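*Asks:* let me see the structure of the following:
(chains A and B)
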2 protein chains.
Amino acid sequence: MSIRLPSGVRDFLPAAAARRRALADAALAVFEAWGFARVITPVFEHAEVLERGLGEAARQAAIRFVEPGTGEVVALRPDITPQIARLVATRFADTAGPLRLCYEGAVTRLQAELGQREILQAGVELVDAPEPDGDAEVLAVAAATLAGANLPDAQLDVGHVAPARHVLAAAPDAAARAALVAALARKDRAALRAAARALPANVAPLAEALGHLAGPARDTLDRACALPWPADVIAALAQLGVALERFDELADRPLPALSIDLGDLRGFAYYTGMRFAGFVGGAADAVLRGGRYDELVGRYGRARAAVGFAMDLEAVAQAQSALGVAGPIAAKGVAVHGAGAAALARTLRAAGLRALVQPHAPDDWPRWLADAGLDAALVDDVAIHVDGTRTPARELLAVLLPKI
Amino acid sequence: MSIRLPSGVRDFLPAAAARRRALADAALAVFEAWGFARVITPVFEHAEVLERGLGEAARQAAIRFVEPGTGEVVALRPDITPQIARLVATRFADTAGPLRLCYEGAVTRLQAELGQREILQAGVELVDAPEPDGDAEVLAVAAATLAGANLPDAQLDVGHVAPARHVLAAAPDAAARAALVAALARKDRAALRAAARALPANVAPLAEALGHLAGPARDTLDRACALPWPADVIAALAQLGVALERFDELADRPLPALSIDLGDLRGFAYYTGMRFAGFVGGAADAVLRGGRYDELVGRYGRARAAVGFAMDLEAVAQAQSALGVAGPIAAKGVAVHGAGAAALARTLRAAGLRALVQPHAPDDWPRWLADAGLDAALVDDVAIHVDGTRTPARELLAVLLPKI
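*Replies:* Modelled structure (predicted):
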């Protein structure tokens, strides 16, 4: 039998693992600087409990299996947000909000085209912080997280479910609703116009407008507010405008590009207010998604407002690779060989360097050093560098241990 | 339906999560200082592939399920070592050794008494480094890892499979072998004497000796070598003696207590040479286990010597809690409320502090600060501390931002 991995999961060799670890650490450092406290949740739990907090798409993406010990059905988490919601409703039930929690870890999703896929995620949840302030804060943390990814052209694309919800609620049947959703997803204005004919005369122009209510934030919001929406949609758009102003005050400089798209329905069924996506150069699709889901925590027994996001660390890592962004640089590392090697390696480690004793000389020092991710070997009184050059050992030691 | 977790898995709230993260980071820092490069492997893979590299006990502990996409049987990893062996035999097949790899992550085991259990593990694998030098190096890394756990009474208990293997091979049948194994596991000398009667006259005294070949390293090895073992066992014991001498040279100071136990059969079927366990104050059982398994990588198609260990981070965390060892201390954190809060929070974050804007004042600042893990709130010109005291805001700012 061949030694292969299931589709959609992979190994990360040292350089790839270091990049992902550095990205996770950078995201967690941003979250913690903004006052979010890290929690760790299990990689699987009872399917019924997990699925309460999932949208339809994520529910279908959950990998279920029977727990051998009890015969109960459990599922690998396809998302960490419902686990945080469960914690907030139970272990944090008596803690006054706002609560600021964050996480990092692997999730597993069954994806029709891709087979299953293991994704490394990092994200935050802000609980008991109503709009507009809670929305502004989470957007600001998302902006700082994108900035920490060290990629050009960071952009936040912000929407709100209220306008589309109003339009879709006016559809006479499921087929008409599906036609509207499909046309908006493809941004197909002709199809949208055709689908809008099924709507009442006062709603049809609003449906058509959703197809072009996308662009720079202030201008797009102004155009949206000039349309004849009912009062609750106008109020929601006004709240979104205030959230974006507060975001400008709160967020670290430089501010990312910020655009509005009121026709993006992704996660529509899951979110209850603002929703947003984060983009960076090198990645075609969003690397970060989030929004407000005020009904989520209530599914675990205690209604609390919540807003958050998760970043896909693998997507960011691939964008960094695509654009040639350098991975993290490890501390200088040396192999020591020959008399006195053990004591010298100890001294080097005590100075914060990576140092190991190599009892047997490899056939090809430079190649072996390159494979091991080391900079040089100290072989008696000679330093053999990874590029093949040789210098006196004492010269290298003078650089590595300047104080000795 | 109740909101409960499957048996054997749990959530970690902020203080517990921070302790586990700090332990994992400390272990990885030790591994990397000793030249080991971190790799990341998936949380599940094909059961058949994973189980090739597992001992009998771990094989029974693997949680298997059918991959929904393909109908193939996969298993949650009960151990990361076989995944590293697979990598070494495949992705690193053309890399000249020695290879030094390390890892950290969750493994899941089905345990008869406990239900399943999720364990956070960190460990190393050293490949192509024969005994005695490879054994000495891995023991030295284990000692440094134990030292990094910040617990008293670190101890390494070292054994070797050769003496017990010689004794068990002389048993006339499976029942006699089982009686010897059971007596050794219980350290029951009377039962051992009875079981030894089934052995040939020249082996029986050796079997009885295994029951008391435990104690301080040099003395125990000397006593063992004085017995009439065959030449291959004497050679193995001599190699172990050399490994312990090299360990003394290599290891960081202070050296941990080191003892020998040649009657400990744990992992006997899995290891091929030296085996060892690491103990710390506060934990009744070993928190770290390892040894040499020169046949493991070969099960993935390419024979290579290998020696390594894994530490159970949860066991170490519980020992720390039991002994009252303080968890990691987060950077000072403050909430800012009132006019100019956004700009002040930005300045504090830029200075390396945790700072968030709290738009609405909670009912009870000190209690809320304690729950949020923050030190103080800056409310206009007053600093409200987590202990309830109030001081002028400028005094706290002078401490937090001494340069401004």
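*Asks:* hey, let's count contacts and neighbours off CA atoms from now on
*Replies:* Fine.
*Asks:* please name the residues that touch A:V242.
*Replies:* Listed by Cα atoms under 8 Å, 6 or more residues apart in numbering or on different chains, the contact set of A:V242 reads A:P132.
*Asks:* doesn't it lie inside a strand?
*Replies:* No: assessed with DSSP: H, G, I helix; E, B strand; the rest coil, A:V242 is helix; it does not lie in a strand.
*Asks:* just for the stretch 101-250 of chain A, where's the confidence low?
*Replies:* Low-confidence segments of the stretch 101-250 of chain A, defined by pLDDT under 70: A:112-115.
*Asks:* if you set the cut-off to 90 instead, what comes out?
*Replies:* Low-confidence segments of the stretch 101-250 of chain A (pLDDT under 90): A:109-119, A:187.
*Asks:* same check on the stretch 301-404 of chain A?
*Replies:* A:302, A:326-332, A:339, A:402-404.
*Asks:* so where do the strands sit in it?
*Replies:* A:306-312, A:333-337, A:354-357, A:376-379, A:382-385, A:390-392 (DSSP state E, counting those that start in this stretch).
*Asks:* tell me the most buried of the ones you listed?
*Replies:* strand A:354-357 (a mean of 27; mean count of other Cα atoms under 10 Å in any protein chain shown).
*Asks:* distance from that one to the middle of the chain?
*Replies:* 35 Å (Cα atoms, centre = their mean, to the nearest Å).
*Asks:* quickly run through the sheet partners of it, with directions.
*Replies:* strand A:333-337 (parallel) (DSSP bridges).
*Asks:* now the strand it pairs with, how far from the chain's geometric center?
*Replies:* Distance, centroid of strand A:333-337 to centroid of chain: 38 Å (Cα atoms, centre = their mean).
*Asks:* okay, that strand in CSV with CA atoms only?
*Replies:* This file holds the C-alpha atoms of strand A:333-337, laid out as CSV (Å, rounded to 0.1, in the frame of the first residue of the first chain):
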residue,chain,number,x,y,z
GLY,A,333,22.8,27.8,14.2
VAL,A,334,26.1,25.8,14.3
ALA,A,335,27.2,22.2,14.5
VAL,A,336,30.3,21.5,16.7
HIS,A,337,32.5,18.6,16.0
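*Asks:* in contact with the residue of the stretch 301-404 of chain A at minimum distance from chain B, which residues?
*Replies:* Closest contact between the stretch 301-404 of chain A and chain B, by Cα to the nearest Cα, is at A:R354 (4.1 Å). A:R354 makes contact with A:331-334, A:348, B:32-35 under the criterion Cα under 8 Å, 6+ apart.
*Asks:* from those residues, which two are the most distant?
*Replies:* A:L348 and B:E32 (12.8 Å; Cα to Cα).
*Asks:* show me the contacts of A:R354 that map onto helices.
*Replies:* Using DSSP state H, the members of the contacts of A:R354 that fall in helices are A:348, B:32-33.
*Asks:* so which strand or helix has A:I119?
*Replies:* According to DSSP states H and E, A:I119 maps onto strand A:115-127.
*Asks:* what are the pairing partners of that strand, and which direction each?
*Replies:* Assessed with DSSP bridges, strand A:115-127 is paired to strand A:99-111 (antiparallel), strand A:306-312 (antiparallel).
*Asks:* now stretch A:81-89: average pLDDT?
*Replies:* For stretch A:81-89, the mean pLDDT works out to 95.
*Asks:* buried residues in that stretch, which are they?
*Replies:* A:81-89 (16 or more other Cα atoms under 10 Å in any protein chain shown).
*Asks:* follow-up on the earlier one: with the ones in helices among the contacts of A:R354 in mind, which one is nearest to A:V74?
*Replies:* Nearest to A:V74 among the ones in helices among the contacts of A:R354, counting by Cα to Cα, is B:E32 at 36.0 Å.
*Asks:* tell me the pLDDT of the closest one.
*Replies:* 96.
*Asks:* number of nearby residues for it?
*Replies:* 24 (other Cα atoms under 10 Å in any protein chain shown).
*Asks:* which non-adjacent residue is nearest it?
*Replies:* Of all residues not flanking B:E32 in the chain, A:R354 sits nearest, at 6.4 Å (Cα to Cα, 6 or more residues apart in numbering or on different chains).
*Asks:* ok, now how distant is that neighbour from B:V66?
*Replies:* From A:R354 across to B:V66, the span is 43 Å (Cα to Cα, to the nearest Å).
*Asks:* how about A:V382?
*Replies:* A:V382 is 56 Å from B:V66, by Cα to Cα.
*Asks:* quick one: contacts for the residue of the stretch 151-300 of chain A found nearest chain B?
*Replies:* Closest to chain B within the stretch 151-300 of chain A is A:L250: 4.9 Å, counting by Cα to the nearest Cα. By Cα under 8 Å, 6+ apart, the contact list for A:L250 reads A:136-137, A:140, B:342-343, B:346, B:357.
*Asks:* neighbour-wise, which of these leads?
*Replies:* That'd be A:E137 among those, by other Cα under 10 Å, with 28 neighbours.
*Asks:* surely that one is in a helix?
*Replies:* Yes: judged by three-state DSSP, A:E137 forms part of a helix.
*Asks:* report the central residue of chain A.
*Replies:* A:M311 (0.5 Å; Cα atoms, centre = their mean).
*Asks:* so who does that one touch?
*Replies:* Contacts of A:M311 by Cα under 8 Å, 6+ apart are A:121-123, A:287-289.
*Asks:* of the residues you listed, closest to A:L180?
*Replies:* A:R289 (22.7 Å).
*Asks:* gap between the closest residue to the closest one other than its chain neighbours and B:W229?
*Replies:* Spatially, and ignoring its direct neighbours in sequence, A:R289 is nearest to A:A277 (4.4 Å; Cα to Cα, 6+ apart). With distances taken as Cα to Cα, A:A277 is found 70 Å from B:W229.
*Asks:* quick one: which of the two has more around it?
*Replies:* A:A277 (25 against 19).
*Asks:* Validate this expectation: the more buried one resides in a strand.
*Replies:* Yes: counting by three-state DSSP, A:A277 falls inside a strand.
*Asks:* how much space separates it from A:L288?
*Replies:* Per Cα to Cα, A:A277 is found 6 Å from A:L288.
*Asks:* for A:L213, what are its contacts?
*Replies:* By Cα under 8 Å, 6+ apart, the neighbours of A:L213 are A:220-221, A:223-224, A:260-263.
*Asks:* kind regards, and thank you for your time.
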